[in-house]
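Participant: Quick one, fold the following:
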Amino acid sequence: MNRTRAFALALATALLVPLIAACGAGTTQTAPTTAPATGGEAPATGGQAAANCYGLEVEPGATLRFQAAGNPTEQQLYTEGAARFMEACPGVTLTFEPLNDYQTQMKAAFAAGTAPDVFLLDGELMGAFAPNGLLLALDEAMAAKGVSPSSYFEPTLTLYQQDGKTYGLPKDFNPLVVFINTDLAEAAGVDPASITTWDDWKEAAAAMTQGDGPGKQYGLCLNSDILRSGAFIFQTGNDFIVDNQAVFNDANGVRAIEFWKSFKDEGSGALFGDLGKGWCGEAFAGRNTAMAVEGGWIVPFLADPANGATDLNYTAIPLPIPDGGEQASWLFTNAFAANAATQYPKAAAAAVLFLAGPENQQALISSGLAQPTWKELANDPYYTDNPVARTLVEAGNYGRLADSVLGGPVKKGDVIAKLNEAQERIFLDTQSVQEALDQAAQEVNEILAR
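Facilitator: Got it, this is the predicted structure:
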């Protein structure tokens, strides 16, 4: 029995394992860097078989299936990307097929031998597929096309590299930044550009907190997810795990979480759930809070008339840092990858390089859904004219991926769960920050030892 078939049989028995999403609105979000969803298919275009495709030699007449998850807007972008690829490669057909329960369906497809040629890859699927030989190495095609790994923001690419080979190319990313209601800031005498340190941020939140009771306007919306507050641990120069041992419970880790909780303790911040909202974007849109720590996914949410915030004036700033600290943020990303068992490996690799390449990424910049991982595109004129987007894209230089620093893609979900349980105890005041992080560190060490 070959290695791929053996893994497929084992994988088929594991499909009920909970799948932890990487990012987005609310406490967690589905795998895409924007939002989950349904429907749409790229038109199949034929044409004469071409030996040269996007500057690469491919199999003449190749027909490829392309699968990904995404909301209707995102699916349309995938459809358009497939069409752009077929214009660049007229001898190859790339047909987009949307999925809903993405990770489960993708694992089932590999187990059944029906996986697509090209697909969306996240950290968890990378951890499941790459070690078992299910992903097509892209390095040969990258070299032929002249694509250097250094062309991408480093953290977004290294997640998809293993044993010196590249198995996925990051399609886009989103970081965490602070969104600020500029009208509320002006009324409170706050200049968003002056908020650079933790102390500045606390003063601004206090100044923008108004009223009492159910109608109180808070300075800052809080989220007890470690994929929000964990960024402040990095800012102190600390890490989460070193030499396979938890270190987030040391003095710097405690200091960072105490800082985040201090907004609640001092009355200038409130958890979105305590405001009766589903996530901080909703609280920000409703003017319940003047600031929110979110990613670019909040931009289309605020632009949707259904959310009542189209007249909300806002800006974005990098996460403020502690005195003597360093800039840091979480990054959320996904990649495009190819099936190692595809009938058309050269065409599949060409499709991945195109979809994650500068031509396709540049076409998507104006959508505002996420930022390009191709570093040179940060100089696109769009970012000169759009300060919110510029703040988002610049975070690619200093952000970190949960998959890379929280025990790896396979264990990340369990580690996040223990850290979030600790934060729940902290915000309920059933444990001090030190006690909660000490307990979480012990639990995380047990996970890492498995």
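
Participant: And stretch 410-430, what's buried?
Facilitator: Judged by neighbour count (16 or more other Cβ atoms under 10 Å), stretch 410-430 contains these buried residues: 411-423, 425-427. In this view, the C-beta of every residue, glycine as well, is placed from N, C-alpha and C.

Participant: Among those residues, which ones are in strands?
Facilitator: When the buried residues of stretch 410-430 are checked against strands using DSSP state E, none is located there.

Participant: from those, which is closest to residue 254?
Facilitator: Comparing those against residue 254 with Cβ to Cβ picks out residue 426 as the nearest, at 10.2 Å.

Participant: partner residues bridging the spatially most central residue of the chain?
Facilitator: In the chain, the C-alpha closest to the average C-alpha coordinate belongs to residue 332, at a distance of 1.8 Å (Cα atoms, centre = their mean). Taking DSSP bridges, one finds residue 174 as the beta-bridge partners of residue 332.

Participant: Run a quick check on it versus residue 231, I expect a contact.
Facilitator: No - with contacts counted by Cβ atoms under 8 Å, residue 332 stays clear of residue 231, the gap being 11.7 Å.

Participant: May I see the buried residues of the host helix or strand of residue 86?
Facilitator: Secondary structure from DSSP states H and E places residue 86 in helix 72-88. Neighbour-count burial for helix 72-88 flags 74-82, 84-86, 88 (criterion: 16+ other Cβ under 10 Å).

Participant: send the alpha carbons of the following helix or strand past that helix over as CSV?
Facilitator: Sequence-wise, the next helix or strand beyond helix 72-88 is strand 93-99, with elements assigned using DSSP H and E. Output of strand 93-99 as CSV, limited to C-alpha atoms (Å, rounded to 0.1, in the frame of the first residue of the first chain):
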residue,chain,number,x,y,z
THR,A,93,-9.1,25.2,-18.1
LEU,A,94,-9.4,26.1,-14.4
THR,A,95,-12.9,25.7,-13.0
PHE,A,96,-13.8,27.1,-9.6
GLU,A,97,-16.0,24.9,-7.3
PRO,A,98,-17.0,26.5,-3.9
LEU,A,99,-17.1,24.5,-0.7
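
Participant: centre of the chain versus strand 93-99, how much separation?
Facilitator: Going by Cα atoms, centre = their mean, to the nearest Å, the spacing between the C-alpha centre of strand 93-99 and its chain's C-alpha centre is 22 Å.

Participant: Summarise which helices and strands that strand is packed against.
Facilitator: Packed against strand 93-99, as judged by 3 or more Cβ pairs under 8 Å, 6 or more residues apart in numbering; DSSP states H and E, are the following elements: strand 63-69, helix 72-88.

Participant: and it, which strands flank it?
Facilitator: As defined by DSSP bridges, the strand partners of strand 93-99 come to strand 63-69 (parallel).

Participant: Kindly calculate the angle that the partner strand makes with helix 72-88.
Facilitator: Taking axes from the mean of the first three to the mean of the last three Cα atoms, to 10 degrees, one finds that strand 63-69 is oriented at 160 degrees with respect to helix 72-88.

Participant: List the buried residues of strand 63-69.
Facilitator: 64, 65, 66, 67, 68, 69.

Participant: Now tabulate the residues you listed in a markdown table and tack on distance to residue 194 and pLDDT.
Facilitator: A markdown table is the format used below for the buried residues of strand 63-69 (distance: Cβ to Cβ, whole Å; pLDDT from 0 to 100):
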| residue | distance to residue 194 | pLDDT |
| --- | --- | --- |
| 64 | 51 | 98 |
| 65 | 52 | 98 |
| 66 | 46 | 98 |
| 67 | 47 | 97 |
| 68 | 41 | 96 |
| 69 | 40 | 92 |
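
Participant: wait, which of the residues you listed is closest to residue 322?
Facilitator: Relative to residue 322, and with distances defined as Cβ to Cβ, the nearest of the buried residues of strand 63-69 is residue 69, at 37.0 Å.

Participant: what about the closest one, distance to residue 76?
Facilitator: Residue 69 sits 14 Å away from residue 76, going by Cβ to Cβ, to the nearest Å.

Participant: Repeat that for residue 203.
Facilitator: Here the criterion is Cβ to Cβ. By it, residue 203 lies 43 Å from residue 76.

Participant: next one: residue 300
Facilitator: Taking Cβ to Cβ as the measure, residue 300 and residue 76 are separated by 12 Å.

Participant: Where does pLDDT dip in this structure?
Facilitator: Along the chain, the model assigns pLDDT under 70 to residues 1-51.

Participant: How is the protein divided into domains?
Facilitator: According to the domain assignment given by automatic domain parsing, the chain is divided into the following structural domains: 3-173+333-403, 177-318+411-448.

Participant: now those domains in a markdown table, with distance to residue 327?
Facilitator: Rendered in a markdown table, the data for these read as follows (distance: least, Cβ to Cβ, whole Å):
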| stretch | distance to residue 327 |
| --- | --- |
| domain 3-173+333-403 | 5 |
| domain 177-318+411-448 | 6 |
